[in-house]
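Asks: The following block contains a protein sequence and its predicted model.
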Amino acid sequence: MSLKFLMPLALAAAAITAAPAQAQEAAAPGPTDFDFNRDTVTVGAGGVYLSDYEGSNDYRFTAAPGAVGSIKGYGFIIAGNRFSVDLIRDKPGPVWDVQAGPIGVVNFNRSSLKSIDDPRVRALGKVDTAIELGGYVGIGKTGVITSDYDQLAATVSYRHDVAGAHDSGIWQPSVSYLTPLSTKMAVALFASAEHAGRGYATTYFSVSPTQTLASGLPTYNARSGWKNYSLGGLYTYALTGDLLHGFKIVAGGTYVRMLNGFADSPLVSVAGSRNQWLGAVGLAYTF
């Protein structure tokens, strides 16, 4: 599994660092105590527990960097192997927020045999690194349920491999909800799904007759379709300062369920599992 599943965590973290907290504790600061227009940039790194490849039942630890921020109202996210930029300027306060911009993913799935424990999957051979570029559109609302500062957003993205690794596209709708619990603490929930093209299915989930002889896995011809859905959550706590400045700890997890012909692939049904998990914990600093 590639680090692209860090994206929901990064999206939630971006919302957390961009939104002032409506405190629920005594003597909490009011809205006028925050500079809504102040630029913020958060940088950090963390440890990630994830599967060896997309669909694997073997797991490993790795490190991943990240950065999120808003400069002059324009947001950006760098999370491991993924980046995105919101080219529509945000407005402060409880308003509707239209989102649109470029997105890119460097897909390392099965590009290194050293990171794969299962000898049958290693025998299939490595896959070239994919460079997936595209864009996204979405809409969000600040001030929805719990306060003037909770956020609900829905987006749809599309990216296509331009490096010739799988030479196909991935559609990804997603929805996320964030609510601050105090000036130091916030939680987020998110859900998404992915629809992958024929090239993606063939590259990562098919098994050719030649590969069957090498690996012992049954021959399989994967097709395009809905590949998975994912559900996750994130928690952040400011160790110094508050959510808008200082050190903070961020922890989260994602459950991914493989679907349809992707789940029926021998890489999943024989050598792996339909159920995929990701956990991450890290330290970040907001300027």
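Replies: Arrived safely, thanks for sending. The structure presented is a predicted model; accordingly, all values stated were derived computationally and were not measured.

Asks: which sections of this structure are below the confidence cut-off?
Replies: Low-confidence segments of the chain (pLDDT under 70): 1-37, 92-93.

Asks: how about the strands of it, start to end?
Replies: Using DSSP state E, the strands assigned to the chain run over residues 40-51, 59-71, 74-79, 82-85, 96-107, 130-142, 151-161, 169-180, 185-196, 225-238, 246-258, 275-286.

Asks: now these in JSON lines, with distance to Thr219 and mean neighbour count?
Replies: C-beta coordinates here come from the backbone N, C-alpha and C atoms, glycine included. Formatted as JSON lines, those follow (distance: least, C-beta to C-beta, whole Å; neighbours: other C-beta atoms under 10 Å):
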{"stretch": "strand 40-51", "distance to Thr219": "23", "mean neighbour count": "18"}
{"stretch": "strand 59-71", "distance to Thr219": "27", "mean neighbour count": "16"}
{"stretch": "strand 74-79", "distance to Thr219": "36", "mean neighbour count": "20"}
{"stretch": "strand 82-85", "distance to Thr219": "33", "mean neighbour count": "20"}
{"stretch": "strand 96-107", "distance to Thr219": "24", "mean neighbour count": "18"}
{"stretch": "strand 130-142", "distance to Thr219": "23", "mean neighbour count": "19"}
{"stretch": "strand 151-161", "distance to Thr219": "24", "mean neighbour count": "19"}
{"stretch": "strand 169-180", "distance to Thr219": "25", "mean neighbour count": "21"}
{"stretch": "strand 185-196", "distance to Thr219": "20", "mean neighbour count": "20"}
{"stretch": "strand 225-238", "distance to Thr219": "19", "mean neighbour count": "19"}
{"stretch": "strand 246-258", "distance to Thr219": "19", "mean neighbour count": "19"}
{"stretch": "strand 275-286", "distance to Thr219": "24", "mean neighbour count": "19"}
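
Asks: can I get these in CSV with distance to Pro266?
Replies: CSV is the format used below for those (distance: least, C-beta to C-beta, whole Å):
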stretch, distance to Pro266
strand 40-51, 16
strand 59-71, 19
strand 74-79, 31
strand 82-85, 28
strand 96-107, 21
strand 130-142, 21
strand 151-161, 23
strand 169-180, 22
strand 185-196, 17
strand 225-238, 16
strand 246-258, 12
strand 275-286, 16
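
Asks: Identify whichever of those strands lies nearest to Ser115.
Replies: Ser115 sits nearest to strand 59-71 of all these, at 6.4 Å, using C-beta to C-beta.

Asks: ok, the closest one: who's next to it in the sheet?
Replies: Strand pairing for strand 59-71, using DSSP bridges, gives strand 40-51 (antiparallel), strand 74-79 (antiparallel).

Asks: Relative to Trp277, which of those is closest?
Replies: Closest approach to Trp277 among the strands paired with strand 59-71 is made by strand 40-51 (7.4 Å; C-beta to C-beta).

Asks: Pull the closest one out as CSV, backbone CA atoms only.
Replies: C-alpha atoms of strand 40-51 as CSV (Å, rounded to 0.1, in the frame of the first residue of the first chain):
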residue,chain,number,x,y,z
THR,A,40,-0.1,29.7,9.2
VAL,A,41,2.2,27.0,8.2
THR,A,42,2.5,23.6,10.0
VAL,A,43,5.4,21.3,9.5
GLY,A,44,5.9,17.9,11.0
ALA,A,45,6.9,14.3,10.8
GLY,A,46,5.6,11.0,12.1
GLY,A,47,5.7,7.3,12.2
VAL,A,48,3.3,5.3,10.1
TYR,A,49,2.1,1.7,10.4
LEU,A,50,0.9,0.5,7.0
SER,A,51,0.6,-2.6,4.8
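
Asks: Could you list the residues in contact with that strand?
Replies: Residues outside strand 40-51 that contact it (C-beta atoms under 8 Å, 6 or more residues apart in numbering): 1, 3, 5-6, 13, 17-18, 57-71, 80, 244-245, 248, 250, 272, 276-287.

Asks: Stretch 254-267 now?
Replies: Outside stretch 254-267, the residues that touch it by C-beta under 8 Å, 6+ apart are 1, 5, 8-9, 53, 55-56, 121, 124, 196, 201, 204-207, 217-218, 220, 222-223, 225-232, 268-269, 273-278.

Asks: That stretch: end-to-end distance?
Replies: With C-alpha to C-alpha, to the nearest Å applied, stretch 254-267 spans 21 Å between its terminal residues.

Asks: thinking again about what came up before, of the strands of the chain, which is nearest Asp117?
Replies: For the strands of the chain, the distance to Asp117 is smallest for strand 59-71, at 8.0 Å, taking C-beta to C-beta.
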